[in-house]
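Trainee: Below are the sequence and a predicted model; questions follow.
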Amino acid sequence: MTTVFVTSQADHRPFIALAVKRELQSVYHIQIANDNTLAERIVVIFSGGESEEFLHSVETLLQQERPLTIMLARDAALPPVLAGYDAVIRLTYDRWDIATSDLVRLHMTPTNGVMQSTTSAEPFLETMSVEDYFERGMARHHIRDYQAAVEDFSAVIEQRPDFAAAYLHRGRAYQGLQKLDRSTKDLERAVQQSPDNESAHYYLGVTCHVAERDEQAMQSLDRAIRVNPDYFKPYLLRAFLYHRLNDYEKSLADYKRSLTRNPYYAHTYLHRADTYFRMGDHEAALKDLDTFLEHSGDVKLYHERRGVLLNNREDWAELLQEYNVALAKMPDDADTLSRRAIAYRTMGNYAASLEDSTRSIALHPAKAAYYGIRADTYLALGRYGDALNDINRAIELDPDHCPFYQQRGYIYDQLDRFEEAIADFEAFLARDCPERSRIQAELGRVRRQYRFKKMSRLERLMDLFMFFNRG
């Protein structure tokens, strides 16, 4: 199996097309990201088994004389065609083989016709250049070590305050740390220094979107598109924003533009499926989900989204079949088990629901949501003690999750423990949760019940007399 990750400018589309062709033929599993964030670099990951045709395509890339970084799985042999390229990083599974304090470079040299690698890490730390810090920052960002990435990009900026790419990628790292003000500041600096860099405008749009500044996000995305109309990502995010504004026609138009420029980016189909679903075109939504699976191979997310769609259609039999198919492929997937537990409960099969939710808890005993799911089934069965035990455990694991207080409030209400029910409904409202008006009404009802319970027999009779003679 070969996994190839290509980061390149649009002029490398023939290479990307070849890669996708092989993916469709099921010869290779290939992940494509035609991402301009590394505008002067192409990244290829080899893990063995390349055909002559495939290597010829790589050789074509090399002839374009652009900077190249090659990343290989730990057990992969370096193809001879790549001799002479010294920015080679070994990978192991999905993690970079890079220590937190070092970036090991492997210098590849031919010896008697056989490629040999020698590690030269010792002097590297003492003589790190601006480019070395930048390279390590990129590597750390890739493994989501955002704080370490910020430190490396800051070292670059300290030496080269005019290095626009360092501001761009530090802004992205700050975004990963949820430090959105700092992210915005860095990305605005990157735009100022490099106004023709579409990636700077795009990632500024991403940060504004995450910060719920949608108008500013739209403006940045529009600028990214004006700088480079062939860059697919701004269309994708703008389509998502239009979807959120319920402007589905504009959303579909932008998804189409994105796919015209890159028809192989799987998540475009995933997001467009949501838009089709909102428009009531369920068949188009299901077709897009099938295409998402074809391009991504993400079986779990595919079945999860199909389950959401079928659940909203209230097609319970097909929904149950969907989860059965998913669990045949992933028998120990706790999330799918928990979703099937909800489906069984909705269909009134409480025994099967309890079995699935209990299995999901056994697989992941520290996940609060699974206890909440089983508590709802116990509540439906009138097993209030068991429901209370589960919801107490859920709150212990995740005390900030609003619905748990609502659930426990209902359980206490059923047990006539009105003071505790009132306290939980008030805790729900104190957390600025959704559905406030409904819980306000429930709180009022429970308070009246509690007040009635505390009354003496004479006071209750007087209260009833006043109620029936009111007006």
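Mentor: Arrived safely.

Trainee: any idea how far residue 345 is from residue 362?
Mentor: Residue 362 sits 18 Å away from residue 345 when distances are taken as Cβ to Cβ, to the nearest Å. Yep, even glycine has a C-beta here, placed from its N, CA and C like the rest.

Trainee: just residue 196 next, same as before
Mentor: Between residue 196 and residue 345 the distance is 56 Å, computed by Cβ to Cβ.

Trainee: These two: who's more crowded?
Mentor: Summary of the neighbour comparison: residue 196 and residue 345, criterion other Cβ atoms under 10 Å, with residue 345 having more neighbours (22 against 9).

Trainee: Test my guess that that one contacts residue 377.
Mentor: Yes: when contacts are counted by Cβ atoms under 8 Å, residue 345 is listed as touching residue 377 (5.0 Å).

Trainee: what's the overlap in contacts for the two?
Mentor: Taking Cβ atoms under 8 Å, 6 or more residues apart in numbering as the criterion, residue 345 and residue 377 both touch residue 353.

Trainee: So what's the residue count around residue 209?
Mentor: 20.

Trainee: mind checking pLDDT for the closest residue to it other than its chain neighbours?
Mentor: The spatial neighbour of residue 209 that comes closest, neighbours along the chain excluded (Cβ to Cβ, 6 or more residues apart in numbering), is residue 217 at 4.2 Å. Residue 217 is assigned a predicted lDDT (pLDDT) of 96.

Trainee: Ok, residue 287 next?
Mentor: In this prediction residue 287 is given a pLDDT of 95.

Trainee: What are the neighbouring residues in contact with it?
Mentor: Counting by Cβ under 8 Å, 6+ apart, residue 287 has no contacts.

Trainee: so it is in which element?
Mentor: Using DSSP states H and E, the secondary-structure element containing residue 287 is helix 282-296.

Trainee: buried set for that helix?
Mentor: By neighbour count with 16 or more other Cβ atoms under 10 Å, helix 282-296 contains the buried residues 282, 284, 285, 286, 288, 289, 291, 292, 293, 295, 296.

Trainee: Against residue 185, how distant is the nearest residue to the fifth one once chain neighbours are set aside?
Mentor: Excluding the flanking residues, the one nearest residue 288 by Cβ to Cβ, 6+ apart is residue 273, at 3.9 Å. The gap separating residue 273 from residue 185 is 36 Å, by Cβ to Cβ.

Trainee: Among those two, which residue is more densely surrounded?
Mentor: Neighbours per residue (other Cβ under 10 Å) separate residue 273 from residue 185, with residue 273 holding more: 26 against 16.

Trainee: which residues does that one contact?
Mentor: By Cβ under 8 Å, 6+ apart, the residues touching residue 273 are 284, 285, 286, 288, 289, 292, 305, 309.

Trainee: now residue 154
Mentor: By Cβ under 8 Å, 6+ apart, the contact list for residue 154 reads residue 170.

Trainee: longest single helix anywhere in the chain?
Mentor: When every helix of the chain is counted residue by residue (DSSP state H), the longest turns out to be helix 436-454.

Trainee: Now that helix: buried residues?
Mentor: Counting neighbours by 16+ other Cβ under 10 Å, helix 436-454 gives 439, 442, 443, 446, 450 as buried.

Trainee: Please identify the one among the residues you listed that lies nearest to residue 231.
Mentor: Nearest to residue 231 out of the buried residues of helix 436-454 is residue 439 (Cβ to Cβ; 45.4 Å).

Trainee: Tell me how far that closest one lies from residue 397.
Mentor: 22 Å.

Trainee: so which pair among the contacts of residue 273 is furthest apart in space?
Mentor: Within the contacts of residue 273, two members stand farthest from each other by Cβ to Cβ: 284 and 305, at 13.6 Å.

Trainee: Return stretch 344-351 as CSV; C-alpha atoms alone will do.
Mentor: The C-alpha atoms that make up stretch 344-351 are tabulated as CSV, following Å, rounded to 0.1, in the frame of the first residue of the first chain:
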residue,chain,number,x,y,z
TYR,A,344,-33.2,0.8,19.7
ARG,A,345,-34.7,3.0,22.5
THR,A,346,-36.6,5.1,20.0
MET,A,347,-38.0,1.9,18.5
GLY,A,348,-39.0,0.6,22.0
ASN,A,349,-36.5,-2.2,22.2
TYR,A,350,-35.1,-1.3,25.6
ALA,A,351,-33.3,-4.5,26.3
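
Trainee: before we move on, the earlier item: phi, psi of the residue nearest to residue 288?
Mentor: The phi/psi pair for residue 273 (degrees, to the nearest 10) reads phi -60, psi -40.

Trainee: got a pLDDT number for it?
Mentor: At residue 273 the predicted local confidence, pLDDT, stands at 96.

Trainee: my guess is residue 257 meets residue 237, correct?
Mentor: No: taking contact to mean Cβ under 8 Å, the distance of 11.9 Å between residue 257 and residue 237 leaves them out of contact.

Trainee: Can you show me the helices along the stretch 101-250 of the chain?
Mentor: Remark: helices of the stretch 101-250 of the chain, listed N- to C-terminal, are 130-142, 146-159, 164-176, 180-193, 198-210, 214-227, 232-244, 248-261; assignment by DSSP state H, counting those that start in this stretch.

Trainee: quick one, helices of the stretch 301-450 of the chain?
Mentor: In order along the chain, the stretch 301-450 of the chain carries the following helices (DSSP H, counting those that start in this stretch): 316-329, 334-346, 350-363, 368-380, 384-397, 402-414, 418-430, 436-454.

Trainee: quick one, which of residue 257 and residue 237 is more surrounded?
Mentor: A direct count of neighbours by other Cβ under 10 Å for residue 257 and residue 237 places residue 237 higher, at 21 against 17.

Trainee: mind checking pLDDT for that one?
Mentor: Predicted confidence (pLDDT) at residue 237: the value is 96.

Trainee: Next: the one 5 residues further on.
Mentor: Residue 242 is assigned 96 on the pLDDT scale.

Trainee: Residue 436 versus that one, what's the distance?
Mentor: Looking at residue 242 against residue 436, where the rule is Cβ to Cβ, the gap reads 28 Å.

Trainee: Could you tell me the angle between the longest helix of the chain and helix 418-430?
Mentor: 160 degrees (axes from the mean of the first three to the mean of the last three Cα atoms, to 10 degrees).

Trainee: Which strands or helices does helix 436-454 pack on?
Mentor: With contacts defined as 3 or more Cβ pairs under 8 Å, 6 or more residues apart in numbering; DSSP states H and E, helix 436-454 has these neighbours: helix 402-414, helix 418-430.

Trainee: got the ones you listed as a markdown table, with distance to residue 358 and mean neighbour count columns?
Mentor: Rendered in a markdown table, the data for the helices and strands packed on helix 436-454 read as follows (distance: least, Cβ to Cβ, whole Å; neighbours: other Cβ atoms under 10 Å):
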| stretch | distance to residue 358 | mean neighbour count |
| --- | --- | --- |
| helix 402-414 | 18 | 22 |
| helix 418-430 | 25 | 19 |
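
Trainee: Out of these, which gets nearest to residue 229?
Mentor: helix 402-414 (43.6 Å).

Trainee: packing partners for that closest one?
Mentor: If you count contacts as 3+ Cβ pairs under 8 Å, 6+ apart, helix 402-414 packs onto helix 368-380, helix 384-397, helix 418-430, helix 436-454.

Trainee: any residues touching the longest one, and which ones?
Mentor: In other words, helix 436-454. When contacts are taken as Cβ under 8 Å, 6+ apart, the neighbours of helix 436-454 outside the stretch itself are 406, 409-410, 413, 416, 418-419, 421-422, 425-426, 428-429, 433, 460, 463.
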